[in-house]
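Enquirer: dropping the sequence and predicted coords here.
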Amino acid sequence: MSNETNSAVTPPRLPIANWLTWVAVAVALLGLGGLAVYQRVVRPAPQLEIYGEVPPFQFLNERGEPMTRDNFLGTLWVADFIFTRCGGQCPRMTASMVELQKWLNQERIEDVRLFSLSVDPEYDTTTTLQEYALRFNYDPWRWSFLTGDKPTIYRFIREGFKLGLEDAPPPGTAPENEPIIHSSRFVLVDRKGQIRGYFDGLDPEEMKKLREAIRILRREKN
């Protein structure tokens, strides 16, 4: 057999540097694959604490319809507490709720409801609340503005949501355009009526955390 024939059938050899490169690539790919499996299967899903349970209630919405806790059970809900003649933080809180409504619609998330309960119910009639809601282009299917008996509302917020509320603060402790002291917190409630998080409605970073918390709760089974 000639030397020319032997040269034709001998496979070319890769330089050792090329082999090392391929081995390194393979190891890297295996590592990334393992990390992906760990993140999806092994690593436990983040959990949100339970801070209590929202007590039963019955209020009227902006259309004069009775609304109870049963209307919200089975869905996630986000609550805040405002009043329409507030010239301080309430318009900013409502603007944050508008952004949350837009995000939910853009993400096509249908199992999250919103409600804003008045802390000034003697002024905030259902008609007043509807006018206020329309100013903010609310979606009545998703967002309810509620009012009712003042002592009942105040007890509901203080005892049910564990939030501070004062309609007659000492002189000099409240701004003139916001005579009722109340929390700027948005409260996230799960499908069972359990409180799962508090988020400052005036802080954009807190609102991002609220959106992530909604994603986490939507992955929970019932």
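Expert: Noted; the coordinates are in hand.
Enquirer: strands of this protein, residue ranges please.
Expert: Assignment of strands within the chain using DSSP state E yields the ranges 52-53, 58-60, 66-68, 76-82, 112-118, 143-146, 165-166, 181-182, 185-189, 194-200.
Enquirer: and the end-to-end length of stretch 157-165?
Expert: 8 Å (CA to CA, to the nearest Å).
Enquirer: would you mark the buried spots in that stretch?
Expert: Across stretch 157-165, burial judged by 16 or more other CB atoms under 10 Å covers I157, G160, F161, L163, L165. For glycine as for every other residue, the C-beta is placed from the backbone atoms N, C-alpha and C.
Enquirer: and it, average pLDDT?
Expert: For stretch 157-165, the per-residue pLDDT values average out at 95.
Enquirer: what's near enough to touch V78?
Expert: Under the criterion of CB atoms under 8 Å, 6 or more residues apart in numbering, the contact list for V78 reads M97, L100, V112, R113, L114, F115, F186, V187, L188, V189, L210, I214.
Enquirer: please report the distance of it from M67.
Expert: According to CB to CB, to the nearest Å, V78 stands 15 Å off from M67.
Enquirer: want to throw the buried residues of stretch 157-165 into CSV with distance to E206?
Expert: What follows is the buried residues of stretch 157-165, written out as CSV (distance: CB to CB, whole Å):
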residue, distance to E206
I157, 19
G160, 21
F161, 16
L163, 15
L165, 20
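Enquirer: most widely separated two among these?
Expert: The largest separation in those, counting by CB to CB, is between G160 and L165 at 11.3 Å.
Enquirer: if we can go back for a sec, out of the buried residues of stretch 157-165, the closest to R85 would be?
Expert: Minimum separation from R85 among these (CB to CB) is found for L165, which lies at 16.2 Å.
Enquirer: separation between the spatially closest residue to F115 that is not a sequence neighbour and Y132?
Expert: Taking CB to CB, 6 or more residues apart in numbering as the measure, F115 lies nearest to S144, with 4.6 Å between them; neighbours along the chain are not counted. Note on S144: its distance to Y132, by CB to CB, is 12 Å.
Enquirer: cool, and D203?
Expert: According to CB to CB, D203 and Y132 sit 23 Å apart.
Enquirer: with neighbour numbers in mind, choose between the two.
Expert: Using other CB atoms under 10 Å as the criterion, D203 and Y132 rank with Y132 on top: 22 against 13.
Enquirer: pretty sure that one contacts W143?
Expert: No: under the criterion of CB atoms under 8 Å, Y132 is not in contact with W143, lying 11.5 Å apart.
Enquirer: burial check on T173, number of neighbours?
Expert: Neighbour count of T173, defined by other CB under 10 Å: 8.
Enquirer: which residues does it contact?
Expert: T173 touches I181, counting by CB under 8 Å, 6+ apart.
Enquirer: any weak-confidence spans in the protein?
Expert: Across the chain, the stretches falling below the confidence threshold (pLDDT under 70) are 1-17, 19-20, 22-23, 25-45, 222.
Enquirer: tell me which stretches of it form helices.
Expert: Under the criterion DSSP state H, helices of the chain are mapped to 3-9, 16-37, 89-106, 126-135, 150-155, 204-219.
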